[in-house]
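[1] no sequence for this one, just the structure:
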């Protein structure tokens, strides 16, 4: 029997891999990983970026435009890093497929993992509706994507095994 796992952004599981060297720890994400229900990935680290690294945003388009070579991912210093973001997304997709992932909970706002919003490409702190490159690639390959703001017991239950469902429903810190 093949066991499907949930995919979670590494920063949500407490790993200090964000562009500024921080984590965005979520207790439920940590619990899912430590209980064998989820795996973590960080597309930027997998693509070879350093910690910390320059902030990057999708410029002049959407993630779909980047995948169609109509827009780029650019660092605040002007460096085009599109190829690395595409590589990270491809590597995450490979891991997702190997682990039969059907759902991913990703850090919103990120040019890789944003699921509901991303920064607008002006480096002014303004967000717009949209997805990051990895979130777009996962969605296009049939994987249900959620933002970290949607990481709740209710949204996780359809993707965990029955034993874990019972445990999750009885843990009050998540309810």
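    Here it is on my side, so go on. Nothing here was measured: the structure is a model prediction, and the numbers come from that model.

[2] now the strands: where do they sit in this protein?
    Under the criterion DSSP state E, the chain contains strands at 6-9, 38-41, 56-59, 72-75, 103-106, 117-119, 127-129, 144-147.

[3] who are the packing partners of the helix ranked longest in the chain?
    As assigned by DSSP state H, the longest helix anywhere in the chain is helix 82-98. Judged by 3 or more Cβ pairs under 8 Å, 6 or more residues apart in numbering; DSSP states H and E, the packing partners of helix 82-98 are strand 6-9, strand 38-41, helix 43-46, helix 63-67, strand 72-75, helix 133-140. Where you see a C-beta, it was placed from the backbone N, CA and C, and this is true even at glycine.

[4] give the contact list for residue 39.
    By Cβ atoms under 8 Å, 6 or more residues apart in numbering, the residues touching residue 39 are 5-8, 33, 95, 99, 101.

[5] ok, 6 Å please
    5, 99 (Cβ atoms under 6 Å, 6 or more residues apart in numbering).

[6] ok, it to residue 4 distance?
    Distance, residue 39 to residue 4, using Cβ to Cβ, to the nearest Å: 11 Å.

[7] could you find the closest non-adjacent residue to the most centrally placed residue in the chain?
    Central residue of the chain (Cα atoms, centre = their mean): residue 106, 3.0 Å from the mean position. For residue 106, ignoring the flanking residues on the chain, the nearest one in space by Cβ to Cβ, 6 or more residues apart in numbering is residue 113 at 3.7 Å.

[8] what residues does the one you found make contact with?
    Here residue 113 is in contact with 9, 106-107, 132, 134-135 (Cβ under 6 Å, 6+ apart).

[9] what about 10 Å?
    8-12, 41-44, 88-89, 92, 104-107, 131-135, 138, 145, 147-148 (Cβ atoms under 10 Å, 6 or more residues apart in numbering).

[10] find the nearest non-adjacent residue to residue 75, please.
    The nearest residue in space to residue 75 (Cβ to Cβ, 6+ apart) is residue 54, at 4.0 Å.

[11] and that neighbour, how many residues sit next to it?
    Applying other Cβ atoms under 10 Å, we find 14 residues neighbouring residue 54.

[12] dump the residue contacts of it.
    Contacts of residue 54 (Cβ under 10 Å, 6+ apart): 19, 74-79, 81.

[13] isn't residue 80 up against residue 60?
    No: counting by Cβ atoms under 10 Å, residue 80 stays clear of residue 60, with 11.5 Å between them.

[14] contacting residues for the closest residue to residue 131 other than its chain neighbours?
    Leaving aside its sequence neighbours, residue 131 sits nearest to residue 63 (Cβ to Cβ, 6+ apart; 4.9 Å). Residues in contact with residue 63 (Cβ under 10 Å, 6+ apart) are 71, 73, 85, 89, 111-112, 114, 118, 130-137, 139-140.
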